[in-house]
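Chemist: Quick one, structure for this:
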Amino acid sequence: MSIKENLSSILNTLPESVTLVAVSKTKPISDLQQVYDEGHRIFGENRVQEMTEKWENMPKDIEWHMIGHLQRNKVKYMAEYVSLIHGVDSPRLLAEINKQAKKCKRTISCLLQVHIAEEDTKFGFNEKELLALLENEEFKTYKHVKIIGLMGMATFTEDMNQVRREFKSLKSLFSKLENNYPNFTTLSMGMSGDYKIAIEEGSTMVRIGSSIFGKRN
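Modeler: Below you'll find the model as predicted:
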């Protein structure tokens, strides 16, 4: 199937309430342009340099989402344009985003990454660390970041019951927090292999790459 057909068939399976991030990492601008020409405007990248090159060369009404693990020293290169940072996994990273956003006179939307996988390789806060951050007095003074929800990645496994369990735990944490934090509107969970389960468990944003663009190069 073509990129256009892939995109169309995925959009047809998504409820109105779920936002699609087309994960375009490693893909050439010509591929992104096909998706753009179909009217889609939200793209996800995991390398700042690659995302910046694409931002420079593509139409300016695109929302660029940083979806990979982000190093603090890279924030300054995208602070001028990034729409949403999915993987905020430490207080120091959040402080750096606030600092760089201030220089650009912007407020950058962020998701706090929660460690839900039963494997050790993923980044993210546990529940206790997350609550500590949200209650931290210094964090409350940040004027240039806006926390709009949570992001999580399930274990890379064939066991879909485990994946469902992990998504369920993130949704339950999100529900607990959204009552106290009115900006919490986004729950980013689910990728090409597990997004349907993620949606069943309450995801409002899915990050889909290979099911749109084909296998990664």
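
Chemist: Tally up the residues packed near residue 157, please.
Modeler: 15 (other Cβ atoms under 10 Å). Placement of C-beta: from N, CA and C, glycine included.

Chemist: Likewise for residue 80?
Modeler: Residue 80: 15 neighbours (other Cβ under 10 Å).

Chemist: for residue 215, same thing?
Modeler: Neighbourhood size, residue 215 [other Cβ under 10 Å]: 7.

Chemist: Over to residue 102?
Modeler: Neighbour count of residue 102, defined by other Cβ under 10 Å: 16.

Chemist: For it, which non-adjacent residue is spatially closest?
Modeler: Nearest residue to residue 102, sequence neighbours excluded (Cβ to Cβ, 6 or more residues apart in numbering): residue 144, at 4.5 Å.

Chemist: before we move on, what about residue 54?
Modeler: Excluding its sequence neighbours, the residue lying closest to residue 54 (Cβ to Cβ, 6+ apart) is residue 29, at 6.1 Å.

Chemist: so how far is residue 35 from the one you found?
Modeler: Going from residue 29 to residue 35 by Cβ to Cβ, to the nearest Å gives 11 Å.

Chemist: Those two: which has the busier surroundings?
Modeler: Between residue 29 and residue 35, counting by other Cβ under 10 Å, residue 35 is the more crowded of the two (22 against 13).

Chemist: who's in contact with the helix or strand encompassing that one?
Modeler: Using DSSP states H and E, the element containing residue 35 is helix 29-37. With Cβ atoms under 8 Å, 6 or more residues apart in numbering as the contact definition, helix 29-37 has outside contacts at 2-4, 7, 22, 24, 43, 54, 57-59, 62, 212-213.

Chemist: and those, which of them are in strands?
Modeler: 22, 43 (DSSP state E).

Chemist: Turn the contacts of helix 29-37 into TSV, including neighbour count.
Modeler: Listed next are the contacts of helix 29-37 as TSV, based on neighbours: other Cβ atoms under 10 Å:
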residue	neighbour count
2	9
3	20
4	13
7	22
22	26
24	25
43	24
54	19
57	10
58	16
59	9
62	17
212	26
213	24
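
Chemist: out of the contacts of helix 29-37, which one sits closest to residue 77?
Modeler: Nearest to residue 77 out of the contacts of helix 29-37 is residue 54 (Cβ to Cβ; 12.7 Å).
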